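Novice: just to be clear, the model below is a prediction. Sequence and coordinates:
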Amino acid sequence: MSASPVSRRALFEAGTGALAGTALWLESSGALASTTSANEALIRRWYGLWATEKKNWSPYDEILADDFTFTSPAPDDHISKAAFKKSCWETQVNFIRDFDLEVVAVKGDEVLVKYLCRTQNGKSFRNVEYFRLRDGKIAALECYFGGNMTFPSSVSAQKT
């Protein structure tokens with residue numbers, strides 16, 4: 001029995017068809033799709049707030065669970081919503097111009113985001129953040145960055 005040669009083009013087309021079929025199948029699973037899109041919308045709203053709400057904590061507060069925790073290498077180990085507001089939002093919000101969400105991966109109530117953040121003075125940096133959602137709110141956020149130089153105020157202060 002001899003193997004039939006298969007061109008790379010045929011293999012690519014078959015793989016593309018399988019991928020498209022899988023995507024359609026997943027999209028047609030109603031509840032999963034609506035949960036995923038609602039969770040993605042919540043996260044996109046979160047990042048949008050950083051560009052639009054410079055002086056108003058209320059919109060942030062309403063999408064964070066009462067028992068929200070934040071963790072980062074800063075070191076912030078499961079700090080409360082109040083501590084997050086004081087040490088992260090109040091100190092960083094005025095440095096942020098906007099976020100370009102490069103990857104938003106949603107799996108149930110978990111969302112992983114890779115973004116490019118642009119500061120008010122034209123500098124930028126990338127981070128990855130992991131969210132746990134509960135009942136339509138952000139219950140936990142873990143930020144992964146490469147030390148003190150990859151958050152807005154530090155990047156803004158760097159000399160070029």
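Specialist: Here it is on my side, so go on.

Novice: run through this protein and note the low-pLDDT ranges.
Specialist: In the prediction, the chain carries residues with pLDDT under 70 at positions 1-34, 146-156, 158-160.

Novice: which residues in it form helices?
Specialist: 8-27, 30-52, 58-63, 81-84, 90-92, 152-157 (DSSP state H).

Novice: buried ones in the longest one?
Specialist: Buried residues in helix 30-52, defined by neighbour count with 16 or more other C-beta atoms under 10 Å: 35-36, 39-40, 42-43, 46-47, 49-50. C-beta here means a position set from N, CA and C on the backbone, and glycine is covered the same way.

Novice: same question, the fifth one
Specialist: By neighbour count, with 16+ other C-beta under 10 Å as the criterion, the buried positions of helix 90-92 are Gln92.

Novice: also stretch 61-75?
Specialist: 63-65, 68-72.

Novice: repeat for stretch 126-145
Specialist: 127, 129, 131-133, 138-143, 145.

Novice: start and end of that stretch, how far apart?
Specialist: 8 Å (C-alpha to C-alpha, to the nearest Å).
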